[in-house]
Each structure stands twice: as C-alpha cells, then as structure tokens.
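Asker: missing the sequence, but the structure's below:
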C-alpha cells in the first residue's frame, strides 16, 4: 500500500510541477511560455475521448504493435535457441544478424515501402524487426548460460532432443527470454509510432504528427500521453505473463518497507559446545 501511494504521489508531483511551470510562463533555460498546461491537455483529452477518430486510432496502433510483437516473439525465441544450440545455425545466421542488428528499425521504412504492397504490412514489419533483435540476443544468452548438468540428467534418464528442449532449455531460459520481451515491447512502440508518423494513415503516431503540423500542441501532448499509457499497459502485460510462467522462481521479498522473509520451519542451528580441557585434543592444549 505504501509503495502504491508513493508511486501515485510521484506522478501527482510531476503533474503539479508541470502545471506550475507552464501556468507561470517560466522562461529560464527551458521555455515553458508556449508549452500547454496540464489543464489544457486534460481538456483536449476529454474532447478527443468523445470523438470517433480517437477510438479508431488506438485500435489501429494496438493491432500493429501486437501483431508485430507476436511475430517477433516466436521468431526471436526460435532463432535465439538455434544460435545457442546449433553451431551450424550460429555460423550461418550469426554473422548476418550481427550486421543487421545495429541498423535502426525506423531506417527500414524506405525498404518496407519498396518491399510490401501496403503501408499496413510495412509498419508491422518495422515493429517486428524492432522487437526481434532484443528477443534473439536475450534468448541466446539465456540458453547459453544454462547449467549442462540439467541436460545431462535428462539424457541419462533416456530423454531425447525434444525432451531436453521442453524440460530444460525452454523453462530454464524463460526468465532471460522475458527480459528480452520486456525490452522488445518498448522498442516496438518507439518504432511503430515513428513508422505511423512517416507512412501511416491511421494510428496514434499518425494523429500526433498531424497535430504537430497544424501547431496543435495540446493534441500533441494527448498523443504522447496515449502512447505512454498504452506502452505501460502492454509492458505490464508482458511482465505479468512472465511472472505467471516462472512461478517456480524464488521472488525477492525486499522493497521499500518490506522485511526479508525468514523460514520459520527451518531447524535452528545447533549450538556449538565450548571446548573444555577434557574434550579438547592434545594438540590444542598448549
């Protein structure tokens, strides 16, 4: 309860500071004179919520992000496992992926326009590419860090390659995989919004750019707030799914105001009796 209250107060403090700086037209090094106030943005948000255009843009962006992220998750996990488990795959795919990985996904917009027959498919491709590489890297490192003893134990009991994959590799790599998925969903939002600004017809990014071109700064801030809320919701969904699928992991109990857990069922350590002259070895009696 204390942590939730602290988080809510931090958001309220940020909004209060924003309102104060913009309402007083503070113009020091940062210029807040032309910046919309919190009340202006809230008024514009209430106006947008009553329009059909807003509810047309949000599902468009969500559909693009979820489609691209789902494709990237499946392809990224499979590629990461192949790179970590197969020397042939590492030799064939590794150099190519390492060359492509530093290229920003948003730089692929011209390529997507040339390759795909519609802007919708191109935006999904950019979103998928953005999330693909973080998932691949996280999965490869997670699989490579697994203890070989686990695999040897399964093979000793007669398990084959698929049994090792399902019983050892996938469960053991899940924490690292979801770390990559958490990074990938954030990068996907950055790229899908940028792609909508460049070549989209609908979506939150497209609408935000249109507001900027007509100098509607409260509308721009409404788009930014919408992107932040949607990004937070999708990232929380990925984290929640990761916690559900890795329930077997020990969870830390620390935190603001939290006390570390103690195992009450554990037997107390026996007291060590002092060494007496009668019980001590001869070499200790000097």
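Answerer: All right, it came through fine. Remember, it's a predicted structure, so these values are computed and weren't measured experimentally.
Asker: Could you find the residue nearest the spatial middle of this structure?
Answerer: residue 182 (1.8 Å; C-alpha atoms, centre = their mean).
Asker: Quick one, grab the pLDDT at that residue.
Answerer: At residue 182, the pLDDT value in this model is 93.
Asker: Tell me how far it lies from residue 135.
Answerer: Distance of residue 182 to residue 135, computed by C-beta to C-beta, to the nearest Å: 10 Å. For glycine as for every other residue, the C-beta is placed from the backbone atoms N, C-alpha and C.
Asker: swap in residue 124?
Answerer: Counting by C-beta to C-beta - residue 124 and residue 135 are separated by 16 Å.
Asker: which of the two has more neighbours?
Answerer: residue 135 (28 against 25; other C-beta atoms under 10 Å).
Asker: Please name the residues that touch the more buried one.
Answerer: 72, 73, 76, 77, 80, 177, 180, 181, 184 (C-beta atoms under 8 Å, 6 or more residues apart in numbering).
Asker: out of everything not next to it in sequence, what's closest to it?
Answerer: residue 76 (2.9 Å; C-beta to C-beta, 6 or more residues apart in numbering).
Asker: Then residue 100?
Answerer: residue 133 (7.8 Å).
Asker: just residue 193 next, same as before
Answerer: With C-beta to C-beta, 6+ apart, the residue lying closest to residue 193 is residue 205, at 3.5 Å.
Asker: Pull the number of nearby residues for that neighbour.
Answerer: 27.
Asker: Report the residue spans of this protein with pLDDT below the cut-off.
Answerer: Counting by pLDDT under 70, the chain shows low-confidence ranges at 251-286.
Asker: ok so, going back, name the nearest residue to the residue nearest to the centre of the chain, ignoring sequence neighbours.
Answerer: Closest to residue 182 by C-beta to C-beta, 6+ apart is residue 238, at 5.6 Å.
Asker: Pretty sure the one you found sits against residue 185.
Answerer: Yes: between residue 238 and residue 185 there is a contact under C-beta atoms under 8 Å: 5.3 Å.
Asker: Comparing those two, which shows the higher neighbour count?
Answerer: residue 185 (25 against 18).
Asker: That one reaches residue 234, doesn't it?
Answerer: Yes: with contact defined as C-beta under 8 Å, residue 185 reaches residue 234; the gap is 5.4 Å.
Asker: which residues do those two both contact?
Answerer: 65, 69.
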